[in-house]
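[1] Below are the sequence and a predicted model; questions follow.
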Amino acid sequence: MQRIGVIGVGEIGRAIVTGLCEGPGERPEVFLSPRGARAAAELSRRYADVHVCASNQEVVDRAELVVIAVRPPDRHDALAGLRVADDTIVVNVMAGVAVEELRKLLDTGATLVRAIPLPAVRDRDSVTVTWPSHPVTDALFERLGGVLAAEDEAAFNVFSALTATLTTHLSYLATLSTWAAGHGVPPEVAEGYVRGLFQGLGRALGDESRSLARLAADHETPNGSNERVRTTWFTPASSQALAGTLDDLLDRLT
């Protein structure tokens, strides 16, 4: 794919462009919408093959593959009236916007693929979930860290719900750091220790020979400190509450 357009140059749009332009292999020519003007201008200054277009229609007209990365509530304003040729490939990264909804909005016979790229595609270090599988989009996201093709749109929405837990995890780590600082540890020292603690744990996740439940057990001593915190704070009721929150989100996404 030699010509890629991006409509909506927010965090994910910037990450995709950066990953493509700084990765190995031939760089594609990238066309950015004027939406997110400051980020678009900065990317065009940094990379010679990146161009800012005058309109979203110009992006569509000049690209073979178009990534739609606007905020879901903005989709009607951003996409209304766009003319998308049937031979275009459209990658929809808007959470909760189904294939058929986007097809009706664009009124096109173009190939539509949903995807869940994460900010780490900037470093080509994140697997992207897609649906339906398509050789061109699979190749695109393989360049950015890998691709996981969902079995159907229902499964895709489950993966989408899982990605919504990322900031909760980071807020949990921030709470640990704040607690330590409240007990006299310098804040920068507390945060550095928490970061290192969980970076080490993250490396253990690379051992796919052990299930997540097995990893948890291997990090826990019977009647030890880890077991005490888990059984006191993360109770069955807490687990059920989390599952209920995800169920509610899944309903909204579908």
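    Great, that's in hand. Numbering: from 1, shown residues only.
[2] now the helix or strand encompassing Gly19: mean pLDDT?
    Element membership of Gly19, judged by DSSP states H and E, is helix 11-22. For helix 11-22, the mean per-residue pLDDT is 95.
[3] Specify the next element, helix or strand, located C-terminal of that helix.
    strand 29-32.
[4] now the following helix or strand past that following strand, how far from the chain's geometric center?
    For strand 29-32, the succeeding helix or strand toward the C-terminus, using DSSP H and E, is helix 37-46. Centroid separation for helix 37-46 versus its chain: 21 Å, with C-alpha atoms, centre = their mean, to the nearest Å.
[5] One more: stretch 102-118?
    Worked out by C-alpha atoms, centre = their mean, stretch 102-118 lies 17 Å from the chain centre.
[6] same thing with stretch 18-33?
    Centroid separation for stretch 18-33 versus its chain: 18 Å, with C-alpha atoms, centre = their mean.
[7] list the buried ones in that stretch?
    18-21, 27-33 (16 or more other C-beta atoms under 10 Å). In short, each C-beta sits where N, CA and C put it, glycine included.
[8] Show me what that stretch is in contact with.
    1-9, 13, 17, 40, 43-44, 46-47, 49-53, 55-56, 58-59, 62-63, 78, 121-124, 143-145 (C-beta atoms under 8 Å, 6 or more residues apart in numbering).
[9] Let's see which of these end up in strands.
    Counting by DSSP state E, the part of the contacts of stretch 18-33 found in strands is 3-7, 50-52.
[10] Let me have the residues you listed in CSV, extended by pLDDT and neighbour count.
    Below are the ones in strands among the contacts of stretch 18-33 laid out as CSV (pLDDT from 0 to 100; neighbours: other C-beta atoms under 10 Å):
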residue, pLDDT, neighbour count
Arg3, 95, 14
Ile4, 97, 26
Gly5, 97, 26
Val6, 97, 31
Ile7, 96, 28
Val50, 96, 24
His51, 96, 17
Val52, 95, 21
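[11] Just the closest of those to Ala217, please.
    Nearest to Ala217 among these is Val6, at 44.0 Å by C-beta to C-beta.
[12] what number of residues lie near Arg203?
    By other C-beta atoms under 10 Å, the residues close to Arg203 number 9.
[13] should've said Gly8
    If you count neighbours by other C-beta under 10 Å, Gly8 ends up with 26.
[14] what do you get for His219?
    13.
[15] ok, it to Phe198 distance?
    Applying C-beta to C-beta, to the nearest Å, the value for His219 to Phe198 is 12 Å.
[16] Same check on Asp86?
    47 Å.
[17] which residues of this protein fall in helices?
    11-22, 37-46, 56-62, 75-79, 99-106, 135-143, 153-163, 166-182, 187-204, 212-218, 225-233, 236-253 (DSSP state H).
[18] Distance from the chain centre to the fourth one, please.
    The gap between the average C-alpha position of helix 75-79 and the chain average comes to 21 Å, counting by C-alpha atoms, centre = their mean.
[19] Hmm, Val113 is touching Leu102, no?
    No. Taking C-beta atoms under 8 Å as the definition, Val113 is not a contact partner of Leu102, at 10.2 Å.
[20] higher neighbour count, the two?
    When neighbours are counted by other C-beta under 10 Å, Val113 and Leu102 differ, and Val113 comes out ahead with 24 against 19.
[21] Count residues in the vicinity of Gly81, would you?
    8.
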